[in-house]
Structure formats: C-alpha cells, structure tokens
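*Asks:* Provided below are the primary sequence and the corresponding predicted coordinates.
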Amino acid sequence: MKIHFIAIGGSAMHNLALALQSKGYQITGSDDTIHEPSKSRLQKKGLLPESFGWYPDKITADLDAVILGMHAKSDNPELLKAQKLGLKIYSYPEFLFEQSKDKTRVVIGGSHGKTTITSMILHVMQYHEREVDFMVGAQLDGFDTMVHLTEKNEFMVLEGDEYLSSPIDRRPKFHLYQPNIALISGIAWDHINVFPTYENYVEQFKIFVDSLTNGGILVYNEEDEEVKQLVEKSENPIKKYPYKTPSHKIENGITYLETSEGNLPLEIFGEHNLQNLAGAKWICQHMGVDEDDFYEAIASFKGANKRLEKIAENSLTTIFKDFAHSPSKVIATTRAIKEQYSNRKVIACLELHTYSSLNASFLQEYKGALDTADEAIVFYSPDAVAIKQLEEVSRDQILKAFTREDLEVFINPKEFENFLLNQSLENSVLLLMSSGNYGGLNFEKLISLVL
C-alpha cells in the first residue's frame with residue numbers, strides 16, 4: 001500500500017509511519033516543521049521530507065490512503081488536493097482501528113495515568129515474551145517505535161486519548177477504537193479549548209463506555225467517584241471490574257507492595273502509580289497473564305519517559321522531571337514525591353504551558369495543587385499566552401488561584417533558570433513538572449550541580 005502522511009513529524013504520527021514502513025508499506029510524508037527526536041528517526045529510515053512545507057503535488061491518484069495529523073489545518077493544501085481527488089483520508093485513530101479490527105482491542109483511557117498504565121502492560125508482556133501490537137504516547141526503554149503493527153498478534157493495546165482525532169474529525173480519539181477490553185483511570189476536566197464545561201468533558205467518557213463491544217470488559221478506578229458513578233450507571237451489557245490502591249508501605253525511600261507472597265519492592269512510587277499498577281494487573285490478567293507472573297515482571301518497571309523520571313541524583317539531592325500539567329496530575333505527583341521523601345525538602349516547579357493551564361477562567365482549578373511541597377514555584381511565558389491568543393494572565397491571578405502566599409512566580413526564563421541554579425539543593429528533591437521546557441531551561445547545567 002502507498003500511504004501519505006500529512007503532518008508526519010508528530011510524536012504519534014512519525015511512530016505510525018515507521019511502523020507501517022517496517023510492515024512493508026510505501027510511505028511518504030510532509031510537515032512544516034519537524035523536531036527531535038522525530039526528525040532523526042525519520043531521517044534514519046529515509047522518511048524525512050526533503051524540505052519542510054506542504055506540497056499538493058505529493059498527493060496523487062495512486063495513493064491508497066492519506067493519514068491526517070492534528071498538526072495540520074482544515075485548509076491544508078495537501079488535504080484539499082486529497083479531498084478533490086476523492087482519496088481515502090484517515091485520522092490517526094481511524095487508521096489504527098482499521099489495522100486492529102480483527103484483533104482483541106485493549107484501550108486504556110482516563111484523564112491521567114493512561115500512558116503509565118499502557119507502558120506497564122507492555123513492560124509485562126515484553127518481560128514474558130508475549131507479542132502484542134500496540135500504540136503508546138511515550139518512548140519506552142527497550143522499544144524501537146511506540147507503534148507496532150503485525151498481521152499475526154492477537155491483541156492490540158492502545159493508549160486512548162480523549163483529544164480530537166483530526167482537523168476534519170472532531171471526535172475524541174478513544175471513541176473510534178471500539179474496545180473489547182478497556183480501562184478508565186480517572187476523570188479530571190482537561191482540554192477546555194475543546195470541552196468548555198466539565199459536564200461536556202465527562203460526557204466523552206460516557207460515550208467511550210458505551211463504545212465497548214457487547215460483552216466487553218471494563219476495568220475502572222473505583223476510588224474516582226466520577227468514574228465509579230459513570231460506570232455503575234452504564235447500561236451497556238459489559239463486565240465491570242473495579243480496582244483501588246493496593247496495600248503498600250514505604251521504608252527507607254522504597255515502596256513495597258504487599259502481596260500474598262510477601263512484600264515486593266518497586267522501582268515506582270506514589271499512590272497514583274500504585275493505582276495504575278492495580279489497573280494494569282487486571283488488564284494483564286484479562287490478557288492471560290496470571291497474578292504471580294504480573295508481579296514478577298512489574299518489579300522491574302521503572303516508569304514511562306517523563307513520568308516521574310529521575311534525571312539526577314546524589315546522596316543529598318534528587319531531581320525528577322514529570323509531564324504533569326493538569327491540576328489532578330500536579331496534586332498526585334507532588335504528593336507522591338513528598339510521601340516518598342518525607343525527610344527531605346521538596347521544591348516543586350510547575351510550568352503553565354497548555355491551553356487549559358494558561359486560561360484565566362481555568363486557573364482556579366489549581367487551588368491547593370502545590371500545597372504538599374515545601375517550596376513552590378510557577379513559571380509561565382507571556383509569549384505562550386500570546387501564541388495561544390488567550391487573555392493575559394497576571395502574577396496576582398496565579399497567586400490567588402494557587403492559594404499559597406509564599407508561591408514564587410516567574411515569567412522570565414533566564415531569571416527562573418538563575419533562581420534554580422542558585423538554590424541550595426542539600427537534602428532536597430527538585431520536582432520539575434511541565435509539558436514544555438520552561439522557556440529553554442538548561443537541564444544539563446542543572447544536572448551538573450548534582451552529579
């Protein structure tokens with residue numbers, strides 16, 4: 001098959017392009033900009049466009065399909081040409097469904113934790129040498145690409161994102177997969193540029209539950225009240241399996257999971273990650289991995305990339321990097337660090353970077369989000385606010401939203417970097433939470449203070 005990618009440089013899109021090429025498909029693609037690591041990975045396989053931009057001449061009648069990424073716009077010249085020629089145009093999730101419609105589809109959904117849970121499942125499967133197809137949103141150790149497609153594998157494990165499918169398909173991605181087995185980790189309002197009210201956001205998860213195949217299996221976090229109510233009210237004829245935080249204890253900075261075979265030391269920590277583990281265990285059991293085999297494998301799971309990722313450590317200081325940005329994720333991550341390192345000073349830094357977090361009306365959702373930290377810092381870039389065409393956010397608005405009088409607020413990247421570099425990090429944990437890069441923070445210089 002000949003397939004062209006419009007916006008091939010995206011994290012998910014380039015992984016799909018690489019997976020299809022390895023499956024024997026003929027792949028071409030375009031994009032107006034491509035960053036690392038996508039750029040190098042595409043270049044290595046001969047898929048990097050010769051020049052950046054949109055070229056309608058690449059869209060020809062002999063193409064079997066066009067895959068359209070969210071980065072493109074609805075008036076993209078390549079898209080317009082494909083529509084004019086009547087070519088088959090897929091969104092990313094639509095195409096993944098096409099590739100997996102004869103498989104058992106396992107979809108992991110939720111406002112938070114879905115990347116980690118999907119990663120846990122894949123780690124367990126790889127540990128026990130069980131081949132599955134998959135798509136996950138973060139790069140994992142031991143995996144070349146984060147999309148893997150075959151003709152032979154029975155299961156397809158999919159991270160179920162609730163964001164939109166494409167510029168011309170405004171349905172959330174996870175509505176398109178029609179899972180046989182699914183999980184919902186939690187519901188916390190996000191993506192307010194698309195789902196303007198909390199009720200509208202929750203409705204997307206109701207549709208997801210209703211999309212499970214007849215007689216399917218739904219695993220859900222019963223400690224999340226919204227999820228619990230939603231699942232219990234569902235009239236879809238499916239089997240429902242609740243999970244909750246498993247029994248555990250923390251000793252000398254190590255979290256131990258209490259099992260029937262004794263206490264199991266884990267590489268991960270935090271109540272939210274233990275909930276993720278409990279959900280992943282149920283899913284793996286439904287995929288044929290028994291409890292003992294799950295525990296044996298999960299003991300070596302170190303976490304997904306940028307999810308409580310330890311980037312530097314010595315005997316006195318530890319630095320973590322985390323993708324947390326929504327209020328619920330910030331609360332869970334900060335609390336996890338403080339519980340794990342109760343005898344250390346926790347310095348928590350949050351960059352407000354997403355559309356939701358920079359929206360003045362949404363800021364109030366961050367009330368108390370950094371309360372468990374000993375010191376709290378918020379960074380945001382006025383340029384990011386301007387790019388997203390939002391109302392200007394003031395320092396006073398942020399202070400009022402977080403309800404923390406000693407909160408430090410920075411808007412200048414250099415001042416923020418200098419502040420961090422001049423901190424005494426002795427007997428401390430520095431937690432850097434962002435889906436951005438703090439305006440170009442020099443992480444290497446920061447790490448050199450510790451190593």
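*Replies:* Thanks, I have the structure now. Residues are numbered from 1 along each chain as shown.
*Asks:* Give me the domain ranges for the chain.
*Replies:* The chain resolves into domains spanning 2-87, 95-298, 309-448 when parsed by automatic domain parsing.
*Asks:* now the helices: where do they sit in the stretch 201-350 of the chain?
*Replies:* Remark: helices assigned in the stretch 201-350 of the chain by DSSP state H, counting those that start in this stretch are 225-233, 271-286, 291-298, 327-340.
*Asks:* Which of those helices sits closest to residue 424?
*Replies:* helix 327-340 (17.9 Å; Cβ to Cβ). Where C-beta positions appear, they are placed from N, C-alpha and C, glycine not excepted.
*Asks:* For the closest one, buried residues please.
*Replies:* 327-338, 340 (16 or more other Cβ atoms under 10 Å).
*Asks:* re the thing from before, what's the closest of the helices of the stretch 201-350 of the chain to residue 79?
*Replies:* Nearest to residue 79, of the helices of the stretch 201-350 of the chain and by Cβ to Cβ, is helix 327-340 at 33.2 Å.
*Asks:* so what secondary structure elements neighbour the closest one?
*Replies:* Judged by 3 or more Cβ pairs under 8 Å, 6 or more residues apart in numbering; DSSP states H and E, helix 327-340 is in contact with helix 271-286, strand 345-352, strand 428-433.
*Asks:* Mean pLDDT added to the ones you listed, as CSV?
*Replies:* Shown next, in CSV, are the helices and strands packed on helix 327-340 (pLDDT from 0 to 100):
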stretch, mean pLDDT
helix 271-286, 97
strand 345-352, 95
strand 428-433, 96
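*Asks:* Find the residue ranges of the stretch 301-450 of the chain scoring beneath the pLDDT cut-off.
*Replies:* 388 (pLDDT under 70).
*Asks:* In space, not sequence, find me the middle residue of the chain.
*Replies:* residue 115 (4.6 Å; Cα atoms, centre = their mean).
*Asks:* What angle do helix 271-286 and the helix or strand where it lies make with each other?
*Replies:* Per DSSP states H and E, residue 115 falls inside helix 114-127. Here the directions of helix 114-127 and helix 271-286 differ by 50 degrees (axes from the mean of the first three to the mean of the last three Cα atoms, to 10 degrees).
*Asks:* going on from helix 114-127, what's the next piece of helix or strand?
*Replies:* Heading C-terminal from helix 114-127 (DSSP H and E), you reach strand 133-135.
*Asks:* so what strands line up beside that following strand?
*Replies:* Strand pairing for strand 133-135, determined by DSSP bridges: strand 147-148 (antiparallel), strand 155-160 (parallel).
*Asks:* Outside of the last one itself, list whatever touches it.
*Replies:* Contacts of strand 155-160 with the rest of the structure, by Cβ atoms under 8 Å, 6 or more residues apart in numbering, involve 96, 99-100, 103-110, 114-115, 118, 121-122, 125, 132-137, 173-174, 177, 179, 182, 208, 287.
*Asks:* would you put the C-alpha positions of that strand in CSV?
*Replies:* What follows is strand 155-160 as a C-alpha-only set of coordinates in CSV (Å, rounded to 0.1, in the frame of the first residue of the first chain):
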residue,chain,number,x,y,z
PHE,A,155,-4.0,-8.3,21.0
MET,A,156,-3.7,-4.6,20.1
VAL,A,157,-3.0,-2.4,23.2
LEU,A,158,-4.0,1.3,22.6
GLU,A,159,-3.5,4.4,24.7
GLY,A,160,-6.9,6.0,24.5
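*Asks:* buried residues in it?
*Replies:* Buried, per 16+ other Cβ under 10 Å, within strand 155-160: 155, 156, 157, 158, 159, 160.
*Asks:* Could you export these as CSV, including pLDDT and distance to residue 89?
*Replies:* Shown next, in CSV, are the buried residues of strand 155-160 (pLDDT from 0 to 100; distance: Cβ to Cβ, whole Å):
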residue, pLDDT, distance to residue 89
155, 98, 28
156, 98, 22
157, 98, 26
158, 98, 21
159, 96, 23
160, 96, 22
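*Asks:* Between the residues you listed, which sits nearest residue 242?
*Replies:* Taking Cβ to Cβ as the measure, residue 160 is the one of these closest to residue 242, at 18.4 Å.
*Asks:* how close does the closest one get to residue 94?
*Replies:* Taking Cβ to Cβ, to the nearest Å as the measure, residue 160 falls 14 Å from residue 94.
*Asks:* The helices and strands packed on helix 327-340: which one's closest to residue 399?
*Replies:* strand 345-352 (12.7 Å).
*Asks:* In the stretch 51-200 of the chain, where is pLDDT below threshold?
*Replies:* In the stretch 51-200 of the chain, no residues with pLDDT under 70.
*Asks:* now do 80
*Replies:* 137-142, 144 (pLDDT under 80).
*Asks:* just the strands in it please.
*Replies:* Here the stretch 51-200 of the chain has its strands, by DSSP state E, counting those that start in this stretch, at 65-68, 89-91, 104-109, 133-135, 147-148, 155-160, 164-166, 169-172, 181-184.
*Asks:* Dump the ones you listed into JSON lines; add distance to residue 53 as well.
*Replies:* Listed next are the strands of the stretch 51-200 of the chain as JSON lines, based on distance: least, Cβ to Cβ, whole Å:
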{"stretch": "strand 65-68", "distance to residue 53": "16"}
{"stretch": "strand 89-91", "distance to residue 53": "20"}
{"stretch": "strand 104-109", "distance to residue 53": "35"}
{"stretch": "strand 133-135", "distance to residue 53": "28"}
{"stretch": "strand 147-148", "distance to residue 53": "25"}
{"stretch": "strand 155-160", "distance to residue 53": "30"}
{"stretch": "strand 164-166", "distance to residue 53": "20"}
{"stretch": "strand 169-172", "distance to residue 53": "24"}
{"stretch": "strand 181-184", "distance to residue 53": "39"}
